[in-house]
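> sequence plus the predicted model coming up.
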Amino acid sequence: MDSFITVVIFGIIYVLIGYLIRSNPNVIPSDISRHKKDVVSIEIAGRVGSIMIFGGLTLAVLGIVLFAAGLYRGYLLVAAMATLLLFICISLAVYSSKRKYQIRSSGRIVASVLIFFFIAIPVSLFFLLRAPQITMTEDGISIEAVYGQHIERDAIEDVQLIPTMPPCLAVDEGFELLGVSRGEFVYEEWQNVYLYLQTPRSPYILIKTAEGRRYVLNFSRQEQTTECHKEISRYMKEYRNS
C-alpha cells in the first residue's frame, strides 16, 4: 500500500508543479527583450506546465490501475519511466521554443531540471536502498527501513541464521531493486514473509513469531549479518533467562 500511495502522491505533486508553472510564466529565465521574454515565457511555461499536469495525472491513474490489478511490483517502474518521460518532454518543449525564438539562455531551464533529477533520484534511492537499522528495546525488535516493522519480544519464537531460502513465488507488497528486497513476499513453503535483504547472497537472519510470521534480513557484508544474529540471539537469551 505504501508504494501505491507514494506513486499517487508523486502524480499529485507533478500536477501541482505544472499548475504553478503555467500560472507563473515569469519564472522562465531569458536574456531577450522584455516584450519577447513575456511571449516566450508564456509559451514555454504553458508547454512545460501542460506536460507536468498530463504526466502527473497519467502517473496517478496508472498507479491506481496497477493497485487494482494487484501488480504491486510495477509501481517503481512506472514512477521511473514517467519521470524520465517528463524530463524528455520538458527538454523537447524548451528546445523547440529555443529554436523558434533563438533563446540562448533557455538551456538553463533544461540544466535546472536535469540537476533536480540528478539530485532527487540518488536521494530517493538512498532512502529506498539503505541498510535496515535494528533496534532492540525492552518490548521488542524494531526494523527501521522501508516497510519497517516492530516485532514484539514475547511474540518471537525462534531466531536462526540460515544458509538458503525456499523459492519466491510472488511479491505481495514490496519491491526488488538492485539486489535489495523490501516488503512482504510469498514463498513456496512460507507465508507472511517480510524481507529486509541488502543482498540476495546468504546468510540470512530468520526471525519467526508464534503467529507464524517470518522476518528475514541480512546486510551487504556476511560478517555484519553474523554479528547481528549474535546480538539478537543474546538479546533473546537474556529475555528467556529473566
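Thanks, I have the structure now.

> ranges for the strands of this structure?
133-136, 140-144, 149-152, 156-162, 168-177, 180-187, 193-197, 204-209, 214-217 (DSSP state E).

> what strands flank the second one, and is each parallel or antiparallel?
By that I understand strand 140-144. Paired with strand 140-144 in the same sheet, following DSSP bridges, are strand 133-136 (antiparallel), strand 149-152 (antiparallel).

> quick check: buried residues in the first one?
It stands for strand 133-136. Buried residues in strand 133-136, counted by 16 or more other Cβ atoms under 10 Å: I134, M136. Where C-beta positions appear, they are placed from N, C-alpha and C, glycine not excepted.

> go on, the last one?
For strand 149-152, burial by neighbour count (16+ other Cβ under 10 Å) applies to Q149, I151.

> what is the mean pLDDT for that strand?
The average pLDDT for strand 149-152 rounds to 93.

> just to revisit the earlier point, ok, which of the strands paired with strand 140-144 comes nearest E231?
Closest approach to E231 among the strands paired with strand 140-144 is made by strand 133-136 (7.3 Å; Cβ to Cβ).

> what sits up against the closest one?
If you take Cβ atoms under 8 Å, 6 or more residues apart in numbering as the criterion, strand 133-136 is touched by I141, S142, I143, E144, A145, L217, C228, E231, I232, Y235.

> wait, L178 touches L128, no?
No. Judged on Cβ atoms under 8 Å, L178 makes no contact with L128 at a distance of 9.3 Å.

> okay, now the domains of the chain?
2-129, 133-241 (automatic domain parsing).

> least confident of these, on average?
Across the domains of the chain, domain 2-129 gives the lowest mean pLDDT, at a mean of 62.

> Throw the strands paired with strand 140-144 into a markdown table and include distance to E223, thanks.
A markdown table is the format used below for the strands paired with strand 140-144 (distance: least, Cβ to Cβ, whole Å):
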| stretch | distance to E223 |
| --- | --- |
| strand 133-136 | 15 |
| strand 149-152 | 23 |
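
> between the ones you listed, which gets nearest to R182?
Once the strands paired with strand 140-144 are compared by Cβ to Cβ, strand 149-152 is nearest, at 10.9 Å.

> check contacts around N241.
No contacts exist for N241 under Cβ under 8 Å, 6+ apart.

> wait, I meant E157
For E157, the contacting residues are K208, T209, A210, by Cβ under 8 Å, 6+ apart.

> could the residues you listed go into CSV alongside distance to R182?
Formatted as CSV, the contacts of E157 follow (distance: Cβ to Cβ, whole Å):
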residue, distance to R182
K208, 19
T209, 19
A210, 24
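
> and which of these is nearest to Y19?
Nearest member of those to Y19, counting by Cβ to Cβ, is T209, at 47.1 Å.

> grab the nearest non-local neighbour of the closest one.
A155 (4.6 Å; Cβ to Cβ, 6 or more residues apart in numbering).

> quick check, the one you found in contact with I207.
No. Using Cβ under 8 Å as the test, A155 is too far from I207 to be in contact (9.9 Å).

> neighbours around D172, how many?
16 (other Cβ atoms under 10 Å).
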